[in-house]
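# Attaching a predicted model along with its sequence, questions to come.
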Amino acid sequence: MSYAVDESNLRRQELLAEVFRPSTEALLGDLSVSKGADVLDVGCGIGRTTRLLGNLIPDPGRVVGLDADPDLLEVARDRSDADGHDLTYQEGDAAALPYEEGAFDLIFARFLLAHLPEPAEAVDELRRVCRDGGVVAVQEPDFASTGAWPPSPAMDRAQELGEVLFDTKMGRKTWTLFREAGLNTPAVRAVVPVETGEDNSIRRLYTLSVQAIGGALLEKGHLEKPEYEALVEDARRLEDDPDRLAAIYTVYSVWGNA
């Protein structure tokens, strides 16, 4: 697999982790994970969530982060070493996980399925490497809530353009994918992060996201350079305006037992 989003700007990865950490912590708090559990974080990026898993799971066994991007994995290893975390990172494909059946007690993935051409195959793989009675848990975006008030042309247009590169409705589809994969009684929760005032984490994230998808859109001919530059300029105006509300995409958390 490969991402359609340019993740070379690590600040975007860091902001994603900051903005969505509360919903991830809430999800992990709902999971029943035993002491010493072996944990796999699929699509781990720079390892922020992998380290979070290592901290929140009681006395974990193995904690492994897997990603298709070797550059992000290099950053993840450097940061984990600096934090003193005993984690393992491995390059690999979410659609063909390099592990035997039932290798992990908890499989976690965030914002992964929306990027895959065959997400059902990936969910089957997550189920395959989860031990009987273990937990598969994912978080996926759904862009229905994306927007600002007063409105932002950049946010509205970025939502339209995003549909060219990934599935902007994956959040609402994930529960059904879990059921079709045979995961037992999957649960679901949806949260919309909203921002007002001086804190501009979400508004900054939009600027970085417009820049991150711009290259692929320009290359594929879905966006011309003048419009791209205008979108970035509008996103920066939103970023600097504390009097506007910004709502990022809905985050669907879905989890079930193998």
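Perfect, thanks for sending it. Because the structure is a prediction, the values reported are computed rather than measured.

# give me the low-pLDDT residue ranges for the stretch 1-150 of the chain?
Low-confidence regions of the stretch 1-150 of the chain, defined here as pLDDT under 70, cover residues 1-4, 7, 82, 84.

# The same query, at a cut-off of 90, please.
With pLDDT under 90 as the threshold, the stretch 1-150 of the chain has low-confidence stretches at 1-14, 16-17, 28-35, 54-60, 79-86, 144.

# so who does Glu125 touch?
Applying CB atoms under 8 Å, 6 or more residues apart in numbering, one finds that Glu125 lies in contact with 94-97. (C-beta placed from N, C-alpha, C; glycine too.)

# which among those residues gets closest to Leu113?
Ala94 (8.4 Å; CB to CB).

# Which secondary structure element is home to the closest residue to Val164 other than its chain neighbours?
Across the structure, with CB to CB, 6 or more residues apart in numbering as the measure, the residue nearest Val164 apart from its sequence neighbours is His222 (5.1 Å). Applying DSSP states H and E as the criterion places His222 outside every helix and strand.

# Distance of His222 relative to Glu91?
His222 sits 29 Å away from Glu91, going by CB to CB, to the nearest Å.

# sorry, back to before: now do the residue nearest to Val164, the pLDDT please.
Listed pLDDT for His222 reads 90.

# Of the contacts of Glu125, grab the buried ones for ChimeraX.
To isolate the buried subset of the contacts of Glu125 in ChimeraX, counting by 16 or more other CB atoms under 10 Å, use the following:
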select :94,97
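
# Which helix or strand lies directly C-terminal to the one helix or strand Ala109 maps to?
Ala109 is part of strand 104-110 when elements are defined by DSSP H and E. The C-terminal neighbour of strand 104-110 among helices and strands, as given by DSSP H and E, is helix 119-128.

# next helix or strand past that following helix?
Along the chain past helix 119-128, the next helix or strand (assigned with DSSP H and E) turns out to be strand 130-142.

# List the neighbouring strands of that next one plus their orientation.
For strand 130-142, the paired strands and their directions (DSSP bridges) read strand 104-110 (parallel), strand 250-257 (antiparallel).

# hmm, who's touching the longest one?
Defining contact as CB under 8 Å, 6+ apart, one finds that strand 250-257 is touched by 20, 23, 26-27, 30-31, 133-145, 170-172, 174-175, 178, 183-193.

# tell me the angle it makes with helix 119-128.
Orientation of strand 250-257 against helix 119-128 (axes from the mean of the first three to the mean of the last three CA atoms, to 10 degrees) gives an angle of 40 degrees.

# quick check: mean pLDDT across strand 250-257?
On average, the pLDDT along strand 250-257 is 97.

# follow-up on the earlier one: tell me the most buried of the strands paired with strand 130-142?
Of all these, strand 104-110 carries the top mean neighbour count, a mean of 25, counting by mean count of other CB atoms under 10 Å.

# Identify the residues contacting that strand?
Residues outside strand 104-110 that contact it (CB under 8 Å, 6+ apart): 20, 24, 28, 31, 33-34, 37-43, 49, 53, 57, 61-62, 64, 94, 122, 126, 129-131, 134-140.

# Please repeat the previous calculation with a cut-off of 6 Å.
With CB atoms under 6 Å, 6 or more residues apart in numbering as the contact definition, strand 104-110 has outside contacts at 33, 37-43, 49, 126, 129-131, 134-139.
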